[in-house]
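In: Generate a structure from the sequence data that follows.
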Amino acid sequence: MQAQELRQQTLADNLANVNTSGFKGAANIYKSYDDQQIGNSATGEAVGGISRGVDVYGTSYDFKQGPLRQTSNPLDFAITGRAFFAVQSETGSVEYTRNGHFNLDASGYLVTQEGNKVLDAGQMPVFIGLEGIRDITVLKNGELSVNGEFKTMLGMFEFPQGANMIRTDADRYRSGSSTQSLASSTQSTIQQGFIEGSNVSSVQAATEMIQVMRSYEANQKVLGTQVDTLKMLMDIGRI
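Out: Numbering: from 1, shown residues only. Have a look, this model is predicted:
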């Protein structure tokens, strides 16, 4: 039942972020407990086993491509492929996001909506400037130019297959290993003037939440039956 509660929380979080740019749906990973063996309290004779159910072992993320929405904003970027943008967190560490809805801060740096600096291919803050900017262009390979003059390569980084990824915010991740380095992506591309939407289906998430509620109610009935069975066995043991 606890596992069902956690699943409900995960589904609720997915549903709450259905409109969050770059959001990736999460799912719980379960493990089953060994059966609990019971016996006759008077004779010690084994009676049988009772299932102890399952528990949540971890969380996995669905990184399939979300739908692209055209905004025509030159500071909006969407990645097609497995790569992530790199941003500087509040603590100065590097985190990764698929949310390419960026702005310029008061100093002319490219930043996220929260004000975190976006990093280039060398993981340095992307500086664009404020004065005399007529045109900002980013090519599919990440090459960023201002007024036709090359500035830098917008960073695109890929987590290795099977990497331990930890979500730090609705749309940001970090590596679960301090020794794990991310390689620059050569397969992914950037589309300027687009935003990647959440890959969560609101209909599917709502349907699964209903299924979880029904499963929870069924587990309550099973638990009640198990309690009654244990009481009966205890009574038999006293006879």
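In: contacts, neighbours, all on C-alpha from now
Out: OK.
In: Confirm that R69 sits in a strand.
Out: Yes - counting by DSSP: H, G, I helix; E, B strand; the rest coil, R69 is found in a strand.
In: Identify the bridge partners of it.
Out: Beta-bridge partners for R69, by DSSP bridges, are I195.
In: From G115, how far off is it?
Out: Using CA to CA, to the nearest Å, R69 is found at 22 Å from G115.
In: okay, the two: which has more neighbours?
Out: Taking other CA atoms under 10 Å, R69 and G115 do not tie; G115 has more neighbours (17 against 13).
In: for that one, helix, strand, or coil?
Out: Applying three-state DSSP: G115 is coil.
In: Just read off the phi/psi values of it.
Out: According to degrees, to the nearest 10, the main-chain angles of G115 amount to phi 90, psi 10.
In: Check what pLDDT the residue nearest to V111 when sequence neighbours are not counted gets.
Out: Nearest in space to V111, with sequence neighbours left out and distances taken as CA to CA, 6 or more residues apart in numbering, is K117 at 4.3 Å. What the model reports for K117 is a pLDDT of 97.
In: try A46
Out: 62.
In: What's the local residue count around the residue nearest to V111?
Out: Applying other CA under 10 Å, we find 26 residues neighbouring K117.
In: ok, now which ones touch it?
Out: By CA atoms under 8 Å, 6 or more residues apart in numbering, K117 lies in contact with 87-89, 109-111, 125-126.
In: Of the residues you listed - the most surrounded one?
Out: V87 (28 neighbours).
In: quick one: contacts for that residue?
Out: 94-97, 112, 116-119.
In: Out of the contacts of K117, name the ones that lie in strands.
Out: Of these, the ones assigned to strands by DSSP state E are 87-88, 110-111.
In: which of the residues you listed sit farthest apart?
Out: Greatest spatial distance in the ones in strands among the contacts of K117: Q88 and L110, 11.0 Å, computed using CA to CA.
In: Pull up the overlap in contacts between the two.
Out: Between them, Q88 and L110 share these contacting residues under CA under 8 Å, 6+ apart: 117-118, 125.
In: which one of the ones in strands among the contacts of K117 sits closest to S184?
Out: Nearest to S184 among the ones in strands among the contacts of K117: V87, at 14.0 Å, using CA to CA.
In: any idea how far V87 is from G115?
Out: Relative to G115, and taking CA to CA, V87 is found at 10 Å.
In: that older thread, if you rank the contacts of V87 by neighbours, which is first?
Out: Within these, V118 tops the neighbour count with 29 neighbours, counted by other CA under 10 Å.
In: how does the protein divide into domains?
Out: 2-62+200-238, 68-196 (automatic domain parsing).
In: Just the CA atoms of stretch 168-178, as CSV, please.
Out: Extracted in CSV, the C-alpha atoms of stretch 168-178 (Å, rounded to 0.1, in the frame of the first residue of the first chain):
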residue,chain,number,x,y,z
THR,A,168,17.2,18.3,-8.8
ASP,A,169,14.2,20.3,-10.0
ALA,A,170,11.2,19.8,-12.3
ASP,A,171,13.4,20.3,-15.4
ARG,A,172,17.0,19.9,-14.2
TYR,A,173,19.3,16.9,-13.5
ARG,A,174,22.8,16.1,-12.3
SER,A,175,25.0,13.1,-12.5
GLY,A,176,24.7,10.7,-9.6
SER,A,177,28.4,10.0,-9.7
SER,A,178,31.1,12.6,-9.0
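In: That stretch: which residues count as buried?
Out: Judged by neighbour count using 16 or more other CA atoms under 10 Å, the buried positions of stretch 168-178 are 170-175.
In: Also stretch 134-147?
Out: Buried residues in stretch 134-147, counted by 16+ other CA under 10 Å: 136-138, 140-146.
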